[in-house]
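A.B. asks: Build me a structure from this.
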Amino acid sequence: MTVKLQRAVRISGAVLAALALGLCMPRQVAAQGTSASPEAQCRTLSQQMLDALTRGDSRAASSAFDADMRSALPPDKLAELWRQVQQNYGNLKARGTVQSLQVNGLDVVIIPMRFSRTTLDAQVACNPQQQIAGFFLRPVSA
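C.D. replies: This is a model prediction of the structure:
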């Protein structure tokens, strides 16, 4: 990987650690009272969060965060993260095909995001209470 690409891919370690925090936290299981599948609900939450981020509304983007994510990545930090992403990678141009999987009891949605200068995968994890329990941006998987 070239030095230029390494700098472009790197987001501050503290911010990435905060984003990844939700993926590592244990979660309690609660019964769901909705008819949509947890996977479909997680896809919807993920899309709504990314739509709000794209609009510049970090409060709306973080509205579905669980308590750990709200603590680790409050709206002002989320807004700063998004500004850094745009400075490093340019404007968001398009989103790719959404993939879903389960990891450690969490529904995980992966959404490729094509920016002006690169493509990143947005990885969003939802807990059984249908809250966003993790958000991570990473280079696209090979």
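A.B. asks: show me where the protein has helices.
C.D. replies: 3-9, 13-24, 38-55, 58-61, 67-72, 75-89 (DSSP state H).
A.B. asks: Can you work out which other helices and strands pack against the longest strand anywhere in the chain?
C.D. replies: Criterion DSSP state E: the longest strand present in the chain is strand 106-115. Applying 3 or more Cβ pairs under 8 Å, 6 or more residues apart in numbering; DSSP states H and E, we find strand 106-115 packed against helix 38-55, helix 75-89, strand 92-95, strand 99-103, strand 119-126, strand 132-139. Glycine gets a C-beta too; all of them are placed from N, C-alpha and C.
A.B. asks: Can you find the helix or strand in this structure with the smallest mean pLDDT?
C.D. replies: For the chain, the helix or strand with the lowest mean confidence is helix 3-9, at a mean of 34 (criterion: mean pLDDT, DSSP states H and E).
A.B. asks: Please name the nearest non-neighbouring residue to P112.
C.D. replies: Leaving out its chain neighbours, the residue that sits closest to P112 by Cβ to Cβ, 6 or more residues apart in numbering is G96, at 3.3 Å.
A.B. asks: Pull the contacting residues for that neighbour.
C.D. replies: I111, P112, M113, R114, T119 (Cβ atoms under 8 Å, 6 or more residues apart in numbering).
A.B. asks: Pretty sure Q130 sits against P38.
C.D. replies: Yes: if you go by Cβ atoms under 8 Å, Q130 and P38 touch, sitting 6.8 Å apart.
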